[in-house]
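Asks: Here is a sequence together with a model predicted from it:
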Amino acid sequence: MENGIILPSSELPWDQTENWQNLEDVTLDTTTQGAQVLQCDTPVGPCDGNSHTSFIPDSSPNSHVPSLQSWPGQYDFKISLPIGNKDRNKWCYSMLQNKVYLCPLIAVPIHVKLLQWFDASITITPVFKESRHRVEAVMPCFNCKNKVNSDVADHLVMVEGQECVYKQVNERYVVSVPLHPPPPGEVTSTLLVKLSCLQSCIGGPNRRPFCLVFTLHDSSGNVVGRQVLDLKCCRCPSRDMLNEDKAEQKRQRPSQPINDFHQLDRVQALKRSAAPVATTGEKKKRFNIKMEPGTENRYRSVTVPVEFVGKVKTYINSLIAEDYIRRNQPNILLFSEDEL
């Protein structure tokens, strides 16, 4: 452009002494400006599969999502709880739901069993059960944090013992415990696990159900087994267990098929033999009894004790019915008037 006049491409002046080393920088600036215009006015569309450049940034997950699938592994890793617990007000175990109910800061014995004992460790991680909350870390509320030691205040799960290591992995607060062989005469090793916060605490779990993931690691840190324990931290474990067991039984009852045909026939026979129940919409039939002429107003007031009022009314009704039958339907009487 010279003096405001646009020259054709064939008539553009060309200076051989001009430096062309900045051509790449100019091109990049022009491309960047064009990209800014497209970003404001043009929506992003699908890219060609043969293209090596994409304007859509890669999205990587911001946190690791642990698995909730039990996996015994090559060492047949299993966990269990003692069934004969006498103090059900502190913790109890539901065999119907395979779930533990416990009070806060109450240690529950978890039995660990392996096919072959080796140098291993177990990492316990609290994880929300619902998929929409699973990426979030399970942490205690502010009030429950002040009730425990400040060193482990952010940890919801605690294990009694001096060899425990409390750490943060993938923004989750976990506890790692070295696994020792069981004492002589026993086949399981015991971990005393406790929780520091209720499931219903606002600012903590906030009524969102969660579970504990027990991950078995070897000496190199490789995962060789996994087990999941469903639990609920509440104030009254026995009450909550009974209520949820009843709800679970009601939920499972319609899905159970009836295989006993004799029982089904008996139920149908009882339904057929049952007397029909009169509904409230049906009206009772009343006989229209006509009094003799001149007898409509022949009444006499008689004082009757309160306890005999019902019997007197019944007796009067029987007299009226008897008189009506004798006058209109004498054939239905068992004994005639001559035989009385």
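Replies: Alright, I've got the coordinates. From a predicted model like this one, the values you see are computed outputs, not experimental measurements. Numbers count the residues shown, from 1 in each chain.

Asks: So which residues of the stretch 1-150 of the chain form strands?
Replies: Using DSSP state E, counting those that start in this stretch, the strands of the stretch 1-150 of the chain run over 78-80, 91-94, 99-102, 108-113, 120-128.

Asks: Dump the ones you listed into a markdown table; add mean neighbour count as well.
Replies: All C-beta atoms are positioned from the backbone trio N, CA, C, and that covers glycine. Below are those laid out as a markdown table (neighbours: other Cβ atoms under 10 Å):
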| stretch | mean neighbour count |
| --- | --- |
| strand 78-80 | 17 |
| strand 91-94 | 20 |
| strand 99-102 | 22 |
| strand 108-113 | 19 |
| strand 120-128 | 20 |
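
Asks: mind giving me JSON lines with those and columns for distance to residue 314?
Replies: Written out in JSON lines, the entries for the strands of the stretch 1-150 of the chain read as follows (distance: least, Cβ to Cβ, whole Å):
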{"stretch": "strand 78-80", "distance to residue 314": "70"}
{"stretch": "strand 91-94", "distance to residue 314": "57"}
{"stretch": "strand 99-102", "distance to residue 314": "59"}
{"stretch": "strand 108-113", "distance to residue 314": "68"}
{"stretch": "strand 120-128", "distance to residue 314": "70"}
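
Asks: Name the SS class of residue 331, please.
Replies: Three states are possible here, and by DSSP: H, G, I helix; E, B strand; the rest coil the one that applies to residue 331 is helix.

Asks: give me the number of residues near it?
Replies: Taking other Cβ atoms under 10 Å as the neighbour definition, residue 331 ends up with a count of 6.

Asks: now it: how far from residue 325?
Replies: Distance of residue 331 to residue 325, given as Cβ to Cβ, to the nearest Å: 10 Å.

Asks: and of the strands of the stretch 1-150 of the chain, who's closest to residue 310?
Replies: With Cβ to Cβ as the measure, strand 91-94 is the member of the strands of the stretch 1-150 of the chain nearest residue 310 (54.2 Å).

Asks: Identify the residues contacting the closest one?
Replies: For strand 91-94, contacts defined as Cβ atoms under 8 Å, 6 or more residues apart in numbering pick out 81-83, 85, 99-103, 106, 108, 237-238, 241, 244-245.

Asks: Same check on stretch 211-224?
Replies: Contacts to stretch 211-224, defined as Cβ under 8 Å, 6+ apart, come from residues 66-68, 73-75, 77, 79, 110, 112, 118-127, 129, 157, 179, 193, 225-231.

Asks: and if you look at stretch 156-165?
Replies: Where contact means Cβ under 8 Å, 6+ apart, the residues beyond stretch 156-165 that reach it are 107, 124-126, 138-140, 148, 152, 166, 173-178, 191-197, 204-205, 212.

Asks: Could you do stretch 169-177 as well?
Replies: With contacts defined as Cβ under 8 Å, 6+ apart, stretch 169-177 is touched by 63-64, 66, 121-126, 137-139, 154-159, 161, 163-168, 191.

Asks: Distance-wise, check residue 307 relative to residue 301.
Replies: When Cβ to Cβ is applied, the distance between residue 307 and residue 301 equals 19 Å.

Asks: where does residue 322 fall, phi/psi-wise?
Replies: phi -60, psi -40 (degrees, to the nearest 10).

Asks: One more: residue 311?
Replies: Backbone dihedrals for residue 311, given as degrees, to the nearest 10, come out at phi -70, psi -40.
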